[in-house]
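Novice: Got a predicted structure plus its sequence, pasted below:
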Amino acid sequence: MEIKKLDMQYLDAIMKLAYENYLEECKETKSLPEVERVADLSYFASNGLGVVALEDNQVVGFWAYFVPWDRAFDSNVKGTFTPVHAHGAVITNRARIYKKMYEELAKELVSQEVMYHAIAFYAHDNVAKEAMWQYGFGMRCADAMKNLTCGEVILLDGITYEELPEARASKIRELRRKLFFHLHKSPTFMKATNEQFEAWIQKAEHRGSRLFVAKAGNEIVAFFEVCAEGETFVSEGANARHICGAYCEESYRGKVAVGLLSYVEQTLYKEGILRLGVDFETFNPTAYGFWSKYFELYTNSLTRRIDECAL
């Protein structure tokens, strides 16, 4: 096997391989849409950062990534990320291919002091994921999808649902703050400063998303925030929407969250939306328990944080 720098001469081959890998996942995850190809990979083929694996001059694998950036994932080191469509490998010897590609990439990344490595795999590609677990990666995030139907809204005594206009986005600020502190807890440990929270709030309240809430009397006890775009190429398009924020008061969790989800589903379905996606941290047990129950996972993002002693 030969590992070479990825460039534009391999574009057609890697597009074909990425599409084949997507079709593999479609066999397992029935809510994924039919597409004619994955998103365009020209950026990754031309940024001079990825590699291809060749056998008998045929592309059997590739691994590209975004230009590294400082303070990746709120750490104090540089990092980079490979989205789910920006890598792939043939089935035969897949584990070996990924290991060989990463050996080459990791050497290059660490030489540039890029210490945080992240990559999204299809959820059912256990061969590739296990190969990376052996090389020190751990799971951090997931993307999930579900097909929408015009089901019945789950009605609960004393609970009402509604969509808030954007002008009333500040009404869920306290729930956003509780979500912020919920993510501080063990085992998630996604801590940030109050200044970072305020900056995030300003952005969230003016990004044009839709807010669906559950109310107990006049008190808002849960919200789902829905955006037009998600975290993967799969969630793009007119017939898909994406949950980009959610929180439910602890004493109302369970039935209220499920009821609000049913209201969101019916509302979107009546508007012609066929799929709903969500991304979440897999080390957040509350999020994982809810989303994995009602959605189909189709990606797992793995990360590796290399200690600075490697420098």
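Specialist: Ah, there it is.

Novice: Show the contacting residues for Tyr269.
Specialist: If you count contacts by Cβ atoms under 8 Å, 6 or more residues apart in numbering, Tyr269 has them with 148-150. (C-beta placed from N, C-alpha, C; glycine too.)

Novice: Which PyMOL command selects the buried ones in those?
Specialist: Buried subset of the contacts of Tyr269, written as a PyMOL selection, criterion 16 or more other Cβ atoms under 10 Å:
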select buried, resi 148
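
Novice: Just give me the closest of the contacts of Tyr269 to Lys203.
Specialist: Leu148 (27.5 Å; Cβ to Cβ).

Novice: Surely the closest one is in contact with Glu265?
Specialist: Yes - if you go by Cβ atoms under 8 Å, Leu148 and Glu265 touch, sitting 5.2 Å apart.

Novice: Helices - which of the contacts of Tyr269 land there?
Specialist: Among the contacts of Tyr269, no member falls in helices (DSSP state H).

Novice: TSV for the contacts of Tyr269, including distance to Ala123 and pLDDT?
Specialist: Putting the contacts of Tyr269 into TSV (distance: Cβ to Cβ, whole Å; pLDDT from 0 to 100) gives the following:
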residue	distance to Ala123	pLDDT
Leu148	20	96
Thr149	22	91
Cys150	27	87
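
Novice: can I get the contacts of Tyr269 in CSV with distance to His87?
Specialist: What follows is the contacts of Tyr269, written out as CSV (distance: Cβ to Cβ, whole Å):
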residue, distance to His87
Leu148, 30
Thr149, 33
Cys150, 37
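
Novice: Now the common contact residues for Leu148 and Glu265.
Specialist: What both Leu148 and Glu265 touch, as defined by Cβ under 8 Å, 6+ apart, is the set Leu276.

Novice: Show me the contacts of Tyr269 that map onto strands.
Specialist: Among the contacts of Tyr269, DSSP state E puts none in strands.

Novice: Among the contacts of Tyr269, which one lies nearest to Ala89?
Specialist: Nearest to Ala89 among the contacts of Tyr269, counting by Cβ to Cβ, is Leu148 at 32.8 Å.

Novice: tell me the mean pLDDT for stretch 196-209?
Specialist: The pLDDT scores in stretch 196-209 average 83.

Novice: roughly how far is that stretch from the heart of the chain?
Specialist: Counting by Cα atoms, centre = their mean, to the nearest Å, stretch 196-209 is centred 19 Å from the centre of its parent chain.

Novice: can you give me the strands in the stretch 151-300 of the chain?
Specialist: Secondary structure of the stretch 151-300 of the chain by DSSP state E, counting those that start in this stretch: the strands cover 159-164, 210-216, 219-227, 240-248, 275-281, 296-305.

Novice: Quick one: closest of these to Trp69.
Specialist: strand 296-305 (14.5 Å).

Novice: in this structure, which helix or strand is least confident?
Specialist: Counting by mean pLDDT, DSSP states H and E, the chain has its least confident helix or strand at helix 194-204, which shows a mean of 83.

Novice: now the angle from that one to strand 240-248?
Specialist: In terms of direction (axes from the mean of the first three to the mean of the last three Cα atoms, to 10 degrees), helix 194-204 departs from strand 240-248 by 140 degrees.

Novice: so what does helix 194-204 touch, helix or strand wise?
Specialist: Applying 3 or more Cβ pairs under 8 Å, 6 or more residues apart in numbering; DSSP states H and E, one finds that helix 194-204 contacts helix 173-182.

Novice: then the helix it packs on to CSV, C-alphas only?
Specialist: What follows is helix 173-182, C-alpha atoms only, in CSV (Å, rounded to 0.1, in the frame of the first residue of the first chain):
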residue,chain,number,x,y,z
ARG,A,173,-33.1,32.7,27.9
GLU,A,174,-33.4,31.1,31.3
LEU,A,175,-33.8,27.6,29.8
ARG,A,176,-30.7,28.3,27.6
ARG,A,177,-28.8,29.2,30.8
LYS,A,178,-29.8,26.0,32.4
LEU,A,179,-28.7,24.1,29.4
PHE,A,180,-25.4,25.9,29.6
PHE,A,181,-24.8,24.8,33.2
HIS,A,182,-26.2,21.3,32.5
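
Novice: Name the surrounding residues that touch it.
Specialist: Outside helix 173-182, the residues that reach it (Cβ under 8 Å, 6+ apart) are 188, 192, 197, 200-201, 204-205, 220, 222-223, 245-247, 249, 286.

Novice: 7 Å - rerun?
Specialist: Helix 173-182 is touched from outside by 197, 201, 204, 220, 223, 247, with contacts defined as Cβ atoms under 7 Å, 6 or more residues apart in numbering.
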